[in-house]
Every structure is written in structure tokens, then in C-alpha cells.
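>>> build the 3D model from these lines:
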Amino acid sequence: MQVAQEELRVTLAGRIVRAQTRPVPAHWWVAKRITDVVVGSAALLCAAPVIAVAAVGIALTTKGSPFFTQERVGMYGRRFRMFKLRTMVKGAHQMRDGLLHLNECDGPVFKIKRDPRIHPLGAFLRRTSIDELPNLINVLRGEMSLVGPRPALPNEIEHYDTYALRRLGVPQGITCFWQIGGRSNVSFEEWMRLDNRYVDEWSPALDLKILLKTIPVVLNKDGAH
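Model prediction:
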């Protein structure tokens, strides 16, 4: 049995956008969800002490809650609140417009390697990917997967063409080809190519392979900032 996903329809800024995706066997989705729950639960249990220590460090370093939630776009364009450890000072979103001239990324993405909004502990949390550990909560809630394209911001998705939109045909995840292929060091065009490659090639076996390859990438802090 296959799940028909040959046409993806997403409503963006009041318009319906269609993109071609790929049908896969139904049992692949079952295997993917089982992996997310089993591995995600074990990972969150192991990560809990690290998250707790990091949260205390953030509370001692800067004002505001150690945790941060932000609206992201998931599979089929569904929106959800993604959990992270806060790496920027309180009110950082209000400073964004004044820093647009420092943007180092092409495409609709906004990112600064040495972002002045990052608090003293934030750079370390980003380099080590510790700030992303609370994403495991989203995985267990079914809003994300362990493996899949990184969930984008709504204002970024609005600028996607049909090629980039294909990435919404699979669950958005914590790690994917982009994470093991350079992360912030690759262009937006290459990023979308890697995400489309995942859409076209993913399988339960490939997910496990990507998970295993993510471990050394995170330990070496490749492309993380």
C-alpha cells in the first residue's frame, strides 16, 4: 500500500501553492513514527540533565525564561510552536529590522554568524547544538521527526517557490542532509537541493543512516553558529 502524496497543496499569504512530492509505502510512515517515539524518548531522557544545567546557566546569565518557543511551519504547511533553549537576549526579535544589513545568508533566511543579540552563553549553546535539544519534545508530540528538513519560519515559507515547497511534503525534523552537509556554510540554493534530495530518497534505513552521521557532525561542531 502507498500513501498518495503526488501533489502538495499549501496556502501561503492567501494563495494556494501546489508542488509535486513522492508516494511512499504506508509502513514507512509507521516505522518513522516508531523510531521517533523510541529513539526520541531515550534521547530526551539522556538530554534532560544537560537541558536542566543549560537552563540554569541561561537564567544566571541573562534576563527572561531559559526556554523559547517560536512558530514554525511543519509538514503540509501546518504551524506549530517549536521548543528551544533561548540563545538571544530578551526582546531580540524587536532588534531584527535594525540588523538586516548584517544578514550573511542569501534567500529568505536571516542569519548573522556573530549575531550581537546572542547572550554570553548563547554562542556555546549554538555551537554544541544544545539549544536544539528541546526539539525532542516536538518530536514526541508528533509535530516534528528526528530526521527531516529543518522547520522554517512562516515569513520564510512565503518566499518559497514550488521547488522549495516540496520540503513540506515530509515531516520537518531535527537533522537532515543539510545538517550533515555543512549547515550554515551552504547557500540557500544548496540547502533546498539537499532537502529535495531527502524528499526524493528518504526511507527508514536512510533516516537511521542520517542519525548516525549526525553524531560526529554535532561533536565536531561542523557548520554550527
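>>> from Phe177, how far out is the residue nearest the centre of the chain?
Nearest to the geometric centre of the chain sits Arg150, at 2.7 Å (CA atoms, centre = their mean). Using CB to CB, to the nearest Å, Arg150 is found at 11 Å from Phe177. For the C-beta atoms, the positions are set from N, CA and C on the backbone; glycine is no exception.
>>> tell me where the protein has strands.
Per DSSP state E, the chain carries strands over the ranges 2-3, 7-12, 15-20, 24-25, 67-73, 79-85, 145-147, 173-175.
>>> what's the fifth one packed up against?
To tie it back to what came earlier, the one meant is strand 67-73. Strand 67-73 sits against strand 79-85, helix 154-157, with contacts defined as 3 or more CB pairs under 8 Å, 6 or more residues apart in numbering; DSSP states H and E.
>>> looking at that strand now, give me its mean pLDDT.
Mean pLDDT, computed over strand 67-73, is 94.
>>> show me what counts as buried in it.
Within strand 67-73, the residues scored as buried using 16 or more other CB atoms under 10 Å are 68, 72-73.
>>> cool, and stretch 74-81?
Result for stretch 74-81 [16+ other CB under 10 Å]: buried residues 74-75, 77, 80.
>>> do stretch 113-120 as well
115, 117-119.
>>> repeat that for stretch 21-38.
21, 24, 28, 32, 35-36.
>>> farthest-separated two in those residues?
Using CB to CB, the two most remote members of the buried residues of stretch 21-38 are Thr21 and Thr35, lying 20.6 Å apart.
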